[in-house]
Structures are given as C-alpha cells and as structure tokens.
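[1] have a look; sequence and predicted model below, questions after that.
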Amino acid sequence: MNNNIVNLWEQNNEILKNYFKTTNQENYQSYKSLVKLITEYILNNHEESYDIPKYDIEHITIIDDGDYQGTQLFLIPEDTYQPSASNYLVTYTYYGSCSGCDTLQGIHDYEDDLPNEEQVNDYMSLCLHLIQRMKPLYEN
C-alpha cells in the first residue's frame, strides 16, 4: 500500500463517513460513484504538494470486460495536463449480478434513502478495500 494514500485515508475517512450518513443511497449506487467519492473526500482533501497530488475526478476510466459478473479496474489520473503513466492510480473491485453475490448491491439492499449505521459501516469497509488495493499504475 502507498503510505500517502493510507495517511490520507486516516486523516479523512470521517469526512467520507459523514457523507454516507447524510446522503441518500441513490447517490452512490455504483462502484464508480464510490471511487469518485474516495477521490473527492480522501485523495483530494489536502493542500496540494509535490509529494501528494490532486486527482481528476471527472476523468476516471473504468475497464470492465465482464458481463453479469467480473472485475472493474479504475484508472484515476492526476489533475494535470496530459498525465503520463506515472500520474495514475489504479484500484479494482469484483462485482456480481445480484445482492447475494455483489457487495455493493448487498449493502444497498435496494433502498434509496439514508443508510442505517450498519450500511454506513459497510460502505466504509468497501471504500477501505478500494483504498487498500490502490497503487500507482507505474512508478519511476
């Protein structure tokens, strides 16, 4: 795991948790929406520095060659002009086709209102797993 990413998680995870507590579930029903939230509330919630860049939420790329189940890869570019390979983070998740075989659908439980405390904790665990898998695509 990348130490900068872990430190940002430790510093900012309560902000993300508060977002889940106060926002209806209809706003984060996809893994892409969770990756965007992680980028906004965890990765970009700091003063920009040479060691810790900001990332471009609007240009996250998803690679998904599955159908009803599979793996989604997320490429998260730094917020810079023409990012190179070393300016991307990558993370991934496995998904399924129903609430019995897909973590996010199981947490969401087909509800659009505010999550209960257990759901908030489950969303946070899912986000932590995405963070734990996150690493630079290429290191110099």
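    Done, it's in.

[2] need the residues that contact stretch 56-74.
    Surrounding stretch 56-74, the residues in contact under the criterion C-beta atoms under 8 Å, 6 or more residues apart in numbering are 31-32, 35-36, 39-40, 44, 75-80, 83, 90-97, 101-102, 130. Bear in mind the C-beta positions are built from the backbone N, C-alpha and C, glycine included.

[3] now swap in stretch 115-134 and tell me
    The contact list for stretch 115-134 (C-beta under 8 Å, 6+ apart) reads 1-2, 5-6, 9, 13, 16-17, 20-21, 25, 28, 31, 34-35, 37-38, 42, 74, 76, 89-93, 103-104, 107-109.

[4] picking that back up, quick one: buried ones out of the contacts of stretch 56-74?
    31, 35-36, 39-40, 44, 75-79, 83, 90-91, 93, 95-96, 102, 130 (16 or more other C-beta atoms under 10 Å).

[5] in strands, which of the residues you listed appear?
    Among the buried ones among the contacts of stretch 56-74, DSSP state E puts 75-77, 90-91, 93, 95 in strands.

[6] max pairwise distance over those: which two?
    Pro77 and Tyr95 (22.5 Å; C-beta to C-beta).

[7] what sits up against the longest helix belonging to the chain?
    Determined from DSSP state H, the single longest helix within the chain is helix 3-22. Contact with helix 3-22 is made by 28, 37-38, 41-43, 45-46, 51-52, 89, 114-115, 119-120, 123-124, 127-128, 131, 134-135, as judged by C-beta under 8 Å, 6+ apart.
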